[in-house]
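Enquirer: Give the three-dimensional model of this entry:
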Amino acid sequence: MSRILHRHTKFELPFAARGEGPYVVDTKGKRYLDASGGAAVSCLGHNHPKVIEAIKNQLDAIPYAHTAFFTTEPAERLAEVLIEGAPEGIGRVYFVSGGSEAVEACLKIARQYYDEIGQPQRRHFIARWQSYHGNTLGALAVGGNLWRRRQFEPLLIESHHISPCYAYRGREPEETEEAYGLRVANELEGKILELGAETVIGFICEPVVGATAGAVPPVPGYLKRVREICDQYGILLILDEVMCGMGRTGSMYACEQDGVSPDLMAIAKGLGAGYQPIGAMLVCDKIYAAIASGSGFFQHGHTYMGHPTACAAGLAVQEVIREENLLQNVRDQGEALDAALHERFGNHANVGDIRGRGLFRGIELVADRTSKAPLDPLLQIHAKIKRNAMAGGLMCYPMGGTIDGQLGNHILLAPPFIIDESHVREIVDKLGDAVDAALEAAA
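Expert: From the prediction side, this is the model:
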């Protein structure tokens, strides 16, 4: 009997024994192609020798040093690498242990920034429905997934939500993508005016929505309009790239493809590729300058922030991505995966949409393609697909509640950056079998 409180208490998990590139092997010798990178984490696959060597070397030097007393070479070098390619205006990095911590840091420094510059009345954050920003209370409060929020609602700070940029569900038949994008972006302006611009701290969103909606990219012009609105009313733009960033969509930062620079950014997952727990907040120069010339102290902190071994792993991961030209492979194999998914599922009776960027792809399942009616949530299709996929040796990331936290189903794919076309074929073949078996069992 396991003494671990697993997130699911009603079934047993296999034991992971070792990793071999894009595969995980269990203690019985069964191999699973990791088509989701765990939770879009394992961007280099498993057991890359350079990353493991970097971790071992750092352990031999010094595993941990508290940031109240020391900085370390791997932390400083990793910060330099991240800033070299960061969006315009981003000048500082704050290392934490994961995505939720990175989002919490963004929320806290955003509030402190306005306090430092003499605008302490600002207290509101605006986010989008069907977003996911983490499971700590602050991150959960700005998140827009009702299923995740429901039990903890009494504990959450006040936050405000507008519509997502979700063209498959939200765009009217007569609307162009650009017109739709402007319409939903302008909801931000309406909410700011409703709350009073002088009371709003910032707007937070995922450039490409991950777990709760299934790799939903913005339509052209949407994020640029959001940036304009934030600038017009003097509020901060916070981008959550915890899942979609660090090369996952084919550029190091997802927002590059939309020509937008944020004031704050949260990254994690692919930053350390799962070799060590690490995340980071990226901070623009004006926020840093306000604190540096004011109190001189960011009122926040965690015991393991700036962890030397985690930073050594993250640095090695970023070096491997550059040395092996993996962003190009993300773009190439992303196109191959998109083509293969359309070939296999493009005319599938229960597939309504195939979307995403790079090696970040989503499939939305429906009961009817014409009406886009969702499947009955009681069928738990996403759970059946996951079980069937695992039985067939495939890890994928199906979820329910795609539309509103209750209705809708999607499958998220986020395979390692190292895959080739043989892995693309294996992913699509095994996923097709898993989907068909789940739908057949539910019929």
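Enquirer: Kindly state the domain boundaries assigned to this protein.
Expert: 16-48+325-442, 52-323 (automatic domain parsing).
Enquirer: Tell me which of the ones you listed lies nearest to K10.
Expert: For K10, the closest of those is domain 16-48+325-442, at 10.6 Å, according to CB to CB. C-beta coordinates here come from the backbone N, C-alpha and C atoms, glycine included.
Enquirer: Grab the longest helix from the protein for me.
Expert: helix 421-442 (DSSP state H).
Enquirer: for it, the distance to its chain's centre please.
Expert: 24 Å (CA atoms, centre = their mean, to the nearest Å).
Enquirer: From the rest of the structure, what touches it?
Expert: 22, 33, 35, 333, 336-337, 340-341, 343-345, 348, 350, 365, 375, 379, 381, 384-386, 388-389, 391-394, 396, 411, 413, 415, 419 (CB atoms under 8 Å, 6 or more residues apart in numbering).
Enquirer: if we can go back for a sec, out of the domains of the chain, which comes closest to H6?
Expert: Once these are compared by CB to CB, domain 16-48+325-442 is nearest, at 13.3 Å.
Enquirer: Would you mind giving the secondary structure of the nearest residue to R169 once chain neighbours are set aside?
Expert: Sequence neighbours aside, I403 is the residue nearest to R169 in space, at 6.4 Å (criterion: CB to CB, 6 or more residues apart in numbering). Following DSSP: H, G, I helix; E, B strand; the rest coil, we place I403 in the coil state.
Enquirer: burial count for I403?
Expert: 20 (other CB atoms under 10 Å).
Enquirer: Repeat that for the one 4 residues further on.
Expert: Other residues within reach of L407 by the criterion other CB under 10 Å amount to 14.
Enquirer: quick one, helices of the stretch 251-400 of the chain?
Expert: Under the criterion DSSP state H, counting those that start in this stretch, the stretch 251-400 of the chain contains helices at 285-292, 308-323, 326-345, 381-391.
Enquirer: and those, which is most packed in?
Expert: Burial of the helices of the stretch 251-400 of the chain is given as mean neighbour count (mean count of other CB atoms under 10 Å); helix 308-323 ranks first at a mean of 24.
Enquirer: list the helices and strands that helix packs on?
Expert: Judged by 3 or more CB pairs under 8 Å, 6 or more residues apart in numbering; DSSP states H and E, helix 308-323 is in contact with helix 49-61, helix 73-84.
Enquirer: neighbouring contacts of the helix or strand of the chain with the lowest mean pLDDT?
Expert: None of the helices or strands of the chain scores lower by mean pLDDT, DSSP states H and E than helix 146-149, at a mean of 92. With contacts defined as CB under 8 Å, 6+ apart, helix 146-149 is touched by 129, 132, 135, 140-141, 143, 156, 212, 401, 404-406.
Enquirer: which is the next helix or strand following that helix?
Expert: Toward the C-terminus, helix 146-149 is succeeded by strand 160-162 as the next helix or strand (DSSP states H and E).
Enquirer: Just the residues contacting the following helix or strand past that following strand, thanks.
Expert: Under the assignment DSSP H and E, the closest C-terminal helix or strand after strand 160-162 is helix 167-170. Contact with helix 167-170 is made by 163-164, 177, 180, 184, 216, 219, 352-353, 355, 364, 372, 403, as judged by CB under 8 Å, 6+ apart.
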